[in-house]
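K.L.:
I'll drop the sequence and a predicted model, then ask my questions.
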Amino acid sequence: MPAPSPPKVAVISGGSSGIGLACARTLLGRGYHVALLARDPGRLHDAAATLGAPARVDLLPVDVADAAACQAAIAAIASRHGRIDWLITSAGIVEPGLFRDLDLAAHRVQMETNYFGTLHLIQAAVPVMRGHGGRITLVSSGAAFIGIAGYSGYAPGKFAVRALAEILRLELAEDGIVVSFVAPPDTETPQLEGERPKRPAVTRLISEQGGTMSAGEVAERMITQAETGAFFLSPSRTMAWLARFHSLYRPVLAWQQRRILKRSRGTDQKP
Ligand SMILES: CCCCCCCCCCCCCCC[C@@H](O)[C@@H](N)CO
């Protein structure tokens with residue numbers, strides 16, 4: 001009787017909460033072994049405990065902004081399993097605020113995590129995946145399609161992730177790696193809870209038009225769509241619409257935002 005083939009291996013950053021953790025749950029349900037990366041070892045262990053299946057979960061405390069740490073984590077996974085079948089880059093942070101209120105450090109830390117954190121993991125994983133095929137799914141945001149006031153520190157990294165995904169989709173095809181990206185709307189996660197009280201009124205009012213989803217719904221839909229080989233993964237109809245028509249709709253959103261900003265000028269309205 002032939003030995004059962006080893007499970008496929010998925011590596012997920014931002015794996016201790018939100019969309020990353022929900023992706024882990026979905027992929028465990030589909031028979032994958034998952035390697036979860038996140039900064040805080042305590043939160044990583046607590047998250048893993050909610051998943052069950054400890055034999056199919058690896059935990060790697062990593063700050064994705066640290067390129068060497070990403071290389072070491074991917075090397076450890078490759079040496080343990082000899083393969084990576086799916087990389088999902090879900091680690092991200094958000095610090096909303098009007099431009100006048102954000103210092104350089106706030107811009108830099110968001111770019112370091114949201115863009116470079118994505119790049120570091122992909123750079124480390126591609127040599128392992130090359131030739132064997134597999135998937136890379138970059139988690140971007142609905143805020144990667146249009147300028148939303150209050151996200152000057154956050155959205156540029158997400159626009160850059162979207163650009164990176166488009167380019168890697170082309171370049172990595174010859175290595176048998178299928179690249180996709182997902183643009184979630186506001187998603188009920190600890191991150192959104194932390195963000196809500198800090199969001200300027202304009203940011204909230206525009207983001208709310210994109211709707212709110214649960215992390216489980218986003219994960220289930222993005223994974224199902226990625227499995228078809230699709231490039232753009234749309235968790236909702238609104239996000240699919242935005243992906244297609246954002247450049248046409250941009251003047252409408254800009255007009256709305258100018259009106260909101262004018263009304264709230266000087267009052268610094270928060271929810
Ligand atoms: C007829 C359809 C109208 C569609 C209007 C869409 C408006 C734009 C909505 C974009 C929402 C994006 C919000 C994402 C923000 C998250 O990434 C952020 N909260 C991170 O935590």
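P.N.:
Happy to help now that I have it. All of these numbers come straight from a predicted model, not from anything done at the bench. Numbers count the residues shown, from 1 in each chain.

K.L.:
make it CA atoms for all contacts and neighbour counts henceforth
P.N.:
Fine.

K.L.:
Next one: the nearest residue to D186 once chain neighbours are set aside from the ligand, what distance?
P.N.:
Using Cα to Cα, 6 or more residues apart in numbering and skipping residues adjacent in sequence, the residue nearest D186 is T212, 4.8 Å away. Distance of T212 to the ligand, given as Cα to the nearest ligand atom, to the nearest Å: 9 Å.

K.L.:
now swap in G42 and tell me
P.N.:
Applying Cα to the nearest ligand atom to G42 and the ligand gives a distance of 22 Å.

K.L.:
Same check on R169?
P.N.:
Distance, R169 to the ligand, using Cα to the nearest ligand atom: 22 Å.

K.L.:
What score does the residue in the stretch 1-150 of the chain positioned nearest to the ligand have for pLDDT?
P.N.:
Distances between the stretch 1-150 of the chain and the ligand by Cα to the nearest ligand atom are smallest at G142, namely 3.8 Å. Looking at G142, its pLDDT is 98.

K.L.:
So it sits against A183, correct?
P.N.:
Yes: assessed by Cα atoms under 8 Å, G142 is found in contact with A183 at 4.8 Å.

K.L.:
what's the overlap in contacts for these two?
P.N.:
M239 (Cα atoms under 8 Å, 6 or more residues apart in numbering).

K.L.:
For the two, indicate the residue with more neighbours.
P.N.:
Each of G142 and A183 has its neighbours counted (other Cα atoms under 10 Å); A183 has more, 26 against 23.

K.L.:
Look up phi and psi at that one.
P.N.:
phi -120, psi 90 (degrees, to the nearest 10).

K.L.:
ok, it to the ligand distance?
P.N.:
Distance from A183 to the ligand, by Cα to the nearest ligand atom: 8 Å.

K.L.:
where does that residue land on pLDDT?
P.N.:
Predicted confidence (pLDDT) for A183: 98.

K.L.:
tell me the contacts of it?
P.N.:
Contacts for A183 (Cα under 8 Å, 6+ apart) come out as 139-144, 232-235, 239.
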